[in-house]
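A.B. asks: 3D model of this:
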Amino acid sequence: MKSNVKHTLLIDIDGLRWDVFQQGLIKNQLPNLQKMLGNSVFQSPITSTASSITFAAQASLITGEHPEYHGIPGNQFFDRFGDEDSQPRFYAFDMGETLDIGSAVGVFTQGLANQRLKCKTIFERLAQYDLNSVVATHMYAKGATWLQPAVTHLGRFLKGGNLLGMSPESFDQTTIDNLKTHIHQNGLPDLLMAYIMGLDFESHKKGPSYQITSLKRIDRQLGELFEVVQTHAQGPILTAVFSDHGQIATPPDDDKAIELGFPFGKELADFFTTLHLDVHDYPGEAPHCDAVIALNGGTAAVYLHNKVGHWWDEPVFTRDVQPIGQAFWDASKTGRYEPRLQNNLAAVLIRNVEQDGWYAPFHALTPEGKVVTLDEWFSQPNTQPALDPLNRIKRYAGPYAGDLMLVSNYDDGYYFGKPLSGTHGGLHPEDSQGTLAFGINDRNLLQTIEQAIDERRQREDNRMPSVVDLATGLEEVLITNG
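C.D. replies: Now for the predicted structure:
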């Protein structure tokens, strides 16, 4: 059917759990979000990427592609091929434990995350049809007018502390104010997007139970924005409210937070040292070491150097990869190699790029050293819960994925990174389920969106609704039926 949408409003609330969003709507605690969505709404929980981590999942939201194709498998990852300047490089868009300030700052000063995308954004595709987009604060904005956050504000918000810090409320307000100012000066674009970071930040610090408090505060701020949008709108508005992942409660405990070693905490560094391997554990070391580990909350990716080759050479499975996977299981089960890693793992996933190439699928390595299918592993009754793991891991396994994926033992409180009260990045239902809602006063149009998403799901192995389906729905309305 022909769409009569004049404007599209995207509200991206980082880390918002589906159940929290539903609770807020049911209890009438979110009047402005309810007003934006209207009475005719398509809603669905959506699965995040594997790993359920911000930069990977946001890339899928904005491109409509899975990590195997968009090339951003995590907040942290390793480019072993040297795409940019023929030099292998470790990326830590979240700064990480190696304090990779260049990566983190470069996201907004140099468009570093934008540059790493291997496919077009929805904004670029809309621009081909003369539809203009304005994006505030987000890390991916190719094809749009980009209202970047001030680096000083970002630094104060993320790392400022009590004395020099900027509160999540104040930081989110700058996003709202930047959009309001832009609309007043330039009018309302075809597509307007607000990226709200504060809820995820507060949830990390105070735990997921704090999300509803954050969301009610954000709802008030979004009310300001929507008032301006309505004033300048020249026709029907399609609104989408969505998130990239959920969160799971974790103990803010050094004994449960599995750390790398720079500047403090050395569980993983000591593990590799015991194996006589030099792991990337301080800034700038990545190309000149034996192993790289990317910590992404509930999972970690391990990249292993071909012992007699280069980083871009496939590691030998039985010599370079499988023994390290077995060593991780030995450490987790018995404390061998590093006692502080005992009980830390729920799964060790492994792949053989030597045999199957850089898109090699993952299998599971059992504690006894047997390689089994993912279906065989995740169907065991005592396996830690995982949300649609076969489909998500299949679509994670691209050239920038690791040789191993370690899954932390959430059941006993373990996770990768610094101590936090809430985290994500795993495969667990609690940190892997985000939010998607489309609203417009046109039920037929919403049915068209639902049908487009369902048809794509069926084509992709009957997977669950996913972060890629935001773009599926937008393209159906704005391009196919625009």
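A.B. asks: In stretch 439-458, which residues are buried?
C.D. replies: G439, I440, D442, L445, L446, T448, I449, E450, A452, I453, R456, R457 (16 or more other C-beta atoms under 10 Å). C-beta: built from backbone N, CA, C; applies to glycine.
A.B. asks: tell me the mean pLDDT for it?
C.D. replies: For stretch 439-458, mean pLDDT rounds to 96.
A.B. asks: And G96, how far from A291?
C.D. replies: 15 Å (C-beta to C-beta, to the nearest Å).
A.B. asks: The stretch 251-400 of the chain: helices as residue ranges?
C.D. replies: 267-274, 322-334, 353-356, 374-378, 389-394 (DSSP state H, counting those that start in this stretch).
A.B. asks: and the fourth one, average pLDDT?
C.D. replies: The average pLDDT within helix 374-378 is 98.
A.B. asks: Over to the longest one?
C.D. replies: The pLDDT scores in helix 322-334 average 98.
A.B. asks: likewise the first one?
C.D. replies: In this model, helix 267-274 has a mean pLDDT of 96.
A.B. asks: Packing partners of it?
C.D. replies: helix 322-334 (3 or more C-beta pairs under 8 Å, 6 or more residues apart in numbering; DSSP states H and E).
A.B. asks: quick one: the helix it packs on to chain centroid distance?
C.D. replies: Put simply, helix 322-334 sits 27 Å off its chain's centre (C-alpha atoms, centre = their mean, to the nearest Å).
A.B. asks: do stretch 239-249 as well
C.D. replies: 10 Å.
A.B. asks: Repeat that for stretch 149-160.
C.D. replies: How far stretch 149-160 lies from its chain's middle: 20 Å, per C-alpha atoms, centre = their mean.
A.B. asks: Next: stretch 347-355.
C.D. replies: 22 Å.
A.B. asks: Tell me which residues are up against it.
C.D. replies: Contacting residues not belonging to stretch 347-355 are listed as 314-317, 321-322, 325, 328-329, 360-365, 371, 374, 377, 383-384, 393, 397, 401, 403-407 [C-beta atoms under 8 Å, 6 or more residues apart in numbering].
A.B. asks: following the lowest-mean-pLDDT helix or strand in the chain, which helix or strand shows up next?
C.D. replies: Lowest on mean pLDDT, DSSP states H and E among the helices and strands of the chain sits helix 161-164, with a mean of 66. Toward the C-terminal end, the helix or strand that comes next after helix 161-164 (DSSP states H and E) is helix 168-186.
A.B. asks: Could I get the buried residue list for that next one?
C.D. replies: In terms of neighbour count (16+ other C-beta under 10 Å), helix 168-186 has its buried residues at P168, F171, D172, Q173, T174, T175, I176, N178, L179, K180, H182, I183.
A.B. asks: Just confirm the second one contacts M197, I think it does.
C.D. replies: The reference is to F171. Yes. Using C-beta atoms under 8 Å, F171 makes contact with M197 at a distance of 6.5 Å.
A.B. asks: what is in contact with those two at once?
C.D. replies: Common neighbours of F171 and M197, using C-beta under 8 Å, 6+ apart, are F157.
A.B. asks: Helices along the stretch 101-250 of the chain, start to end?
C.D. replies: 101-109, 112-116, 122-127, 151-159, 161-164, 168-186, 198-206, 211-232.
A.B. asks: Not counting the first one itself, show me its contacts.
C.D. replies: It refers to helix 101-109. 91-96, 112-113, 139, 148-149, 151, 154, 283.
A.B. asks: hang on, the earlier thing: can you list which of the buried residues of stretch 439-458 are found in strands?
C.D. replies: G439 (DSSP state E).
A.B. asks: so which of the buried residues of stretch 439-458 comes closest to I13?
C.D. replies: Of all the buried residues of stretch 439-458, G439 has the smallest distance to I13: 14.6 Å, by C-beta to C-beta.
A.B. asks: Hmm, that closest one is touching L25, no?
C.D. replies: No. The pair G439 / L25 is not scored as a contact, 11.2 Å apart, by C-beta under 8 Å.
A.B. asks: show me the residues around P419 that make contact.
C.D. replies: P419 sits next to P251, P252, D253, D254, K256, A257 when contact means C-beta under 8 Å, 6+ apart.
A.B. asks: got JSON lines for these, with pLDDT, distance to S133 and neighbour count too?
C.D. replies: As requested, these are exported to JSON lines (pLDDT from 0 to 100; distance: C-beta to C-beta, whole Å; neighbours: other C-beta atoms under 10 Å):
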{"residue": "P251", "pLDDT": "98", "distance to S133": "41", "neighbour count": "16"}
{"residue": "P252", "pLDDT": "97", "distance to S133": "38", "neighbour count": "16"}
{"residue": "D253", "pLDDT": "95", "distance to S133": "43", "neighbour count": "12"}
{"residue": "D254", "pLDDT": "93", "distance to S133": "43", "neighbour count": "14"}
{"residue": "K256", "pLDDT": "97", "distance to S133": "41", "neighbour count": "19"}
{"residue": "A257", "pLDDT": "97", "distance to S133": "38", "neighbour count": "22"}
